[in-house]
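1. Provided below for reference: sequence and predicted model.
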Amino acid sequence: MQRFVPVPSDLQPWLMAAVVVDAPAELAQSHFPAMVSSMLVVRLAGQVSCRGEPVPPSAWMSASTTATVYEHGGPVRAVGLVLQPEAAAALFASARGLVNTLQPLAELAGPRWAEVEHEVRAAGDDGARLTVLCQFIRQLVAPPSPCEARRQQARALLHAASDNASASGQRMGLSTRQFERRFVAHWGMAPKQFQVIARLNSTLGSALAAPGSTVVELAADQGYYDQSHMARDVRRLAGHPLQTLVQGTRSPLTAHWPLQVGAQTQPPQPVEPTRRR
């Protein structure tokens, strides 16, 4: 089945988690909510399609602004890394500004990827495969790589997009329109849209990490006007009501396994304080 694997501490600025997918033929779909993070995935067996198009055997799944359904063809086995939101464009310059995108890793990472993919497929077990992927990231960010500088630039944009920064006029010396254009060029979505999706991700993580909390408490903690506001966002951006998503993660065989795996991670970090919308 699907499982979460912790990432090495030195890569935590870049990676949220490692994932092993072993889906039987009975599991015909995978349902992902809108996400501000992205993934690197190497599929070892089976076929997967999205919106009628085949997913490349090794692919980068970008951040997304809508819920996404992946269709399976037979048993599916894969390994992957979940990237921190600011990591994708820092690691791969061509990922800047892309959302709702599936891109072959050979195109994203360039010629070096062929050798990495060969090592992943030749490895003896899933742990060894994930080690190869982690080492690939480690090599990308090793000095004198520009990746860390690009990651800090992305974090500066996120900080400047927070309501605290905008209220105090700390928007990198740019007008509101100039700042929003720069943010969209980097993240592929407007600051408000990013904040709404980040809040959704935090809400889903909190709901799964603390299933005993009431819906009213969850909505208040996440900064929604009320539970109806939260319910609309969850249905719109995750594709299903919150109760359906939470109940789905309790089944050993579920199309909502991405949330099930996410429940095994550390509790989500709080989103930057935002005004209720």
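-> Nice, thanks for sending it over.
2. CA atoms for contacts and neighbours, from now on please.
-> OK.
3. contacting residues around residue 102?
-> Going by C-alpha atoms under 8 Å, 6 or more residues apart in numbering, residue 102 touches 55-56, 59-62.
4. just the strands in the chain please.
-> For the chain, the strands defined by DSSP state E cover 3-5, 15-23, 29-32, 38-50, 53-54, 58-61, 68-83, 102-104.
5. circling back: looking at the contacts of residue 102, which has the most residues close by?
-> Greatest neighbour count in those, by other C-alpha atoms under 10 Å, goes to residue 60: 26 neighbours.
6. That one and residue 42 touch, don't they?
-> No. Using C-alpha atoms under 8 Å, residue 60 is not in contact with residue 42; the gap is 9.0 Å.
7. Angles on the backbone of the closest residue to residue 187 other than its chain neighbours, please.
-> Residue nearest to residue 187 in three dimensions, not counting chain neighbours: residue 97, with 4.7 Å by C-alpha to C-alpha, 6 or more residues apart in numbering. Per-residue torsions, residue 97: phi 80, psi 0 (degrees, to the nearest 10).
8. which one's the longest helix in this structure?
-> helix 191-209 (DSSP state H).
9. Name the residues of that helix that are buried.
-> By 16 or more other C-alpha atoms under 10 Å, the buried positions in helix 191-209 come out as 191, 194-209.
10. if you average pLDDT over that helix, what comes out?
-> The average of the pLDDT scores along helix 191-209 is 93.
11. Dump that helix to PDB, keeping only the CA atoms.
-> Presented in PDB, the C-alpha positions along helix 191-209 are these (Å, rounded to 0.1, in the frame of the first residue of the first chain):
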ATOM      1  CA  PRO A 191      -0.900  35.800  -3.700                       C
ATOM      2  CA  LYS A 192      -4.500  35.500  -2.500                       C
ATOM      3  CA  GLN A 193      -5.000  32.300  -4.400                       C
ATOM      4  CA  PHE A 194      -1.800  30.800  -3.000                       C
ATOM      5  CA  GLN A 195      -2.900  31.700   0.600                       C
ATOM      6  CA  VAL A 196      -6.400  30.100   0.000                       C
ATOM      7  CA  ILE A 197      -4.800  26.800  -1.200                       C
ATOM      8  CA  ALA A 198      -2.200  26.900   1.500                       C
ATOM      9  CA  ARG A 199      -5.000  27.300   4.100                       C
ATOM     10  CA  LEU A 200      -6.800  24.300   2.500                       C
ATOM     11  CA  ASN A 201      -3.700  22.200   2.800                       C
ATOM     12  CA  SER A 202      -3.300  23.200   6.400                       C
ATOM     13  CA  THR A 203      -7.000  22.600   7.100                       C
ATOM     14  CA  LEU A 204      -6.900  19.000   5.700                       C
ATOM     15  CA  GLY A 205      -3.700  18.200   7.600                       C
ATOM     16  CA  SER A 206      -5.200  19.500  10.800                       C
ATOM     17  CA  ALA A 207      -8.500  17.600  10.300                       C
ATOM     18  CA  LEU A 208      -6.600  14.300   9.800                       C
ATOM     19  CA  ALA A 209      -4.100  14.900  12.600                       C
END
